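Chemist: this is a predicted model, with the sequence first.
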Amino acid sequence: MANDDQFKKVISHAKEYGYVFQSSEIYDGLSAVYDYAQNGAELKKNIRDYWWKAMVQMNEHIVGIDAAIFMHPTTWKASGHVDAFNDPLIDNKDSKKRYRADVLIEDYCAKIEGKIDKEVAKAEKRFGDAFNKEEFVSTNPRVLGYLEKINEILSRMGKSLEAEDLADVKALIEELEIADPLTGSRNWTDVKQFNLMFGTKLGASAEHAMDLYLRPETAQGIFVNFLNVQKTGRMKIPFGIAQTGKAFRNEIVARQFIFRMREFEQMEMQFFIKPGTQKEWFDYWKETRMKWHNSLGLGEENYRFHDHDKLAHYADAATDIEFKFPFGFKELEGIHSRTDFDLKQHEEFSGKKLQYFDHEDNASYTPYVLETSIGLDRMFLAVFSNALVEEALDNNTTRTVLKLPAVLAPVKAAILPLVKKDGLPDIAKQILEDLKWDFNVDYDEKDAVGRRYRRQDANGTPFCITVDHDTLEDNTVTIRHRDTMEQKRVKITDLKDIIKAEVDVKHWLQKMK
Ligand code: ATP
């Protein structure tokens, strides 16, 4: 399936099966804002729990908080967001469409990357089993030329953005002859900076209202609470503070479904460390976060690191974990070595000391910070788009199946009476009553059982449990596995253990070891 088609399928499947709806759809929706539906809310919660368990529960040195979305406005002066949380925007004068200048340039580079992929595919065909991709990519003159070009473009863009030389960003777009992707026009305006924070007001009367921002990241709620948590939790460095919650950004272009939204959710962890140890912790968290991703089995080949050339104002090292979405490799998570920038800034703006007294060294210092920051909605899209497959079956039919990792699936098992009579629904409902203490389970008695299986496959339910006439005799049921479609006869009393073995968080998270 072409990638565009696959992406369209993902979006329509998400709606049809109650995962994601457009916000305020009856009013024709609100741009780049989405609602999670009955199944989506469960999947999102399960991803959040999976992250929280790995980050907080399994780490005795990391604790979780839940800070408010509203923060004192000086927070955002101190963090640099008022002055520097900008994206470079450019308008096309003919189409009147607005773009992020850096994204236009990055997309241009992605096209060159596509050419490299084609060269690799051609060579693979030519050399067969003897093909060594690494050697080919590091020696083939054409590929090397493409790589050099990408490097040249990205490093020039990085330097221009860092120096706020927006005229050069425009010059680069013109030199590369980048055209409006929708219309092909090259009639561009100058590049301008655009602040991404949403403003609002606190207070009843207009004169006394205070200007506030909706937080553009959850991290600052952690920094301003650093000392409170450290003291009340008697935390010793190195230690981390984690939180999940909503963040808001007035994105210039918000396409690609839930990949880039104006209201989204982050799962962030700030790890406070001794200055000078940041390199070692950067490597540690890169490896640990990649292990977390791989524990879900979405395919190691679908992830890659992308080290930053252009560093944010607060960072001394940064990398993205990129995922292969239906529209290509894009950022899923950021890992940033934030130095002592944030704590120092908050010290300066608040006038309060935010230092740590190290008993071993008998000295105080401002800790350095290592951050891991992942978008929950992007993780949702990664999991969901990776899971949706169209499978050809032996009898020349196809089935649509959502192969969600069982630990994340919204519904763990569906209980199906074979027919709606002979007491079978009563037994099925009793099984439902017993299992719902431990798992989110569903009951379905409508349509032929084959159609019900298909419905549950498309819904991502890992198990179907069928109650039939033999059940009346021997208290056994059929349990069918979503991915293999294999069916087994098991005792009703064994169901709980069978399901637990596959959906238990422990079973999955242990793969991180
Ligand atoms: P991008 O370059 O894609 O705009 P970013 O580098 O600005 O992302 P960060 O500020 O590092 O993103 O935020 C951390 C994580 O939050 C990102 O890796 C991403 O998963 C998520 N995220 C950021 N912006 C959005 C958004 N508009 N919608 C959904 N998720 C987002």
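Modeler: Now that the structure is in, tell me what you want to look at. Note that the coordinates shown come from a computational prediction; the quantities given were computed from them, not determined experimentally.
Chemist: make it CA atoms for all contacts and neighbour counts henceforth
Modeler: Noted.
Chemist: can I assume residue 441 is in contact with residue 431?
Modeler: No. Here residue 441 does not reach residue 431: they are 9.8 Å apart, not a contact under CA atoms under 8 Å.
Chemist: quick check: neighbours shared by these two?
Modeler: The contact sets of residue 441 and residue 431 overlap at residue 415 (CA atoms under 8 Å, 6 or more residues apart in numbering).
Chemist: who in the stretch 151-300 of the chain is up against the ligand?
Modeler: With CA under 6 Å from any ligand atom as the criterion, the stretch 151-300 of the chain meets the ligand at residues 249, 259-262, 264, 266.
Chemist: mind listing the helices for the stretch 251-400 of the chain?
Modeler: Secondary structure of the stretch 251-400 of the chain (DSSP state H, counting those that start in this stretch): helices at 278-295, 341-350, 376-387.
Chemist: tell me which of those helices sits most buried.
Modeler: Ranked by mean neighbour count under mean count of other CA atoms under 10 Å, the helices of the stretch 251-400 of the chain are led by helix 376-387, which reaches a mean of 22.
Chemist: tell me which residues are up against that one.
Modeler: Helix 376-387 is contacted from outside by 7, 10, 43-44, 47-48, 258-260, 264-267, 298, 323-326, 332, 401-404, using CA under 8 Å, 6+ apart.
Chemist: so that helix versus helix 278-295, what angle?
Modeler: Helix 376-387 runs at 40 degrees relative to helix 278-295, counting by axes from the mean of the first three to the mean of the last three CA atoms, to 10 degrees.
Chemist: and the residue of the stretch 151-300 of the chain that's closest to the ligand?
Modeler: residue 260 (3.5 Å; CA to the nearest ligand atom).
Chemist: thinking again about what came up before, turn the residues of the stretch 151-300 of the chain next to the ligand into TSV, including neighbour count.
Modeler: Below are those laid out as TSV (neighbours: other CA atoms under 10 Å):
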residue	neighbour count
249	20
259	21
260	18
261	23
262	22
264	22
266	24
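Chemist: would you check how far apart residue 435 and residue 191 are?
Modeler: Counting by CA to CA, to the nearest Å, the gap from residue 435 to residue 191 is 58 Å.
Chemist: those two: which is more packed in?
Modeler: Of the pair residue 435 and residue 191, residue 191 is the one with more neighbours under other CA atoms under 10 Å, namely 22 against 19.
Chemist: per-residue confidence at that one?
Modeler: Per-residue confidence (pLDDT) for residue 191: 96.
Chemist: phi, psi of the residue lying closest to it once chain neighbours are set aside?
Modeler: Among residues not flanking residue 191 along the chain, residue 90 sits closest, at 4.8 Å (CA to CA, 6 or more residues apart in numbering). Here the main-chain torsion angles of residue 90 (degrees, to the nearest 10) amount to phi -140, psi 140.
Chemist: residue 90 contacts residue 192, correct?
Modeler: Yes. The pair residue 90 / residue 192 is scored as a contact, 6.5 Å apart, by CA under 8 Å.
Chemist: look at the two and report which has more neighbours.
Modeler: More neighbours surround residue 90 than the other of residue 90 and residue 192, with 24 against 17 (other CA under 10 Å).
Chemist: that one pairs with what?
Modeler: The partner list for residue 90 in beta bridges (DSSP bridges) reads residue 99.
Chemist: contact residues of the stretch 351-500 of the chain facing the ligand?
Modeler: Within the stretch 351-500 of the chain, the positions near the ligand by CA under 6 Å from any ligand atom are 373-375, 377-378.
Chemist: hey, C-alpha coordinates of stretch 244-262 in PDB?
Modeler: C-alpha atoms of stretch 244-262 as PDB (Å, rounded to 0.1, in the frame of the first residue of the first chain):
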ATOM      1  CA  THR A 244       2.400  13.700  32.100                       C
ATOM      2  CA  GLY A 245       0.000  16.400  31.000                       C
ATOM      3  CA  LYS A 246      -1.400  18.800  28.400                       C
ATOM      4  CA  ALA A 247       0.700  21.300  26.600                       C
ATOM      5  CA  PHE A 248      -0.400  23.900  24.000                       C
ATOM      6  CA  ARG A 249       1.300  25.400  21.000                       C
ATOM      7  CA  ASN A 250      -0.100  27.600  18.300                       C
ATOM      8  CA  GLU A 251       1.600  25.600  15.600                       C
ATOM      9  CA  ILE A 252       2.000  27.400  12.300                       C
ATOM     10  CA  VAL A 253       1.000  24.400  10.200                       C
ATOM     11  CA  ALA A 254      -0.700  21.600  12.000                       C
ATOM     12  CA  ARG A 255      -1.300  18.800   9.500                       C
ATOM     13  CA  GLN A 256      -0.700  15.100   9.700                       C
ATOM     14  CA  PHE A 257      -3.600  14.200  12.100                       C
ATOM     15  CA  ILE A 258      -2.600  13.800  15.700                       C
ATOM     16  CA  PHE A 259       1.200  14.100  14.900                       C
ATOM     17  CA  ARG A 260       1.100  17.900  15.300                       C
ATOM     18  CA  MET A 261      -1.700  19.300  17.300                       C
ATOM     19  CA  ARG A 262      -2.400  22.600  19.000                       C
END
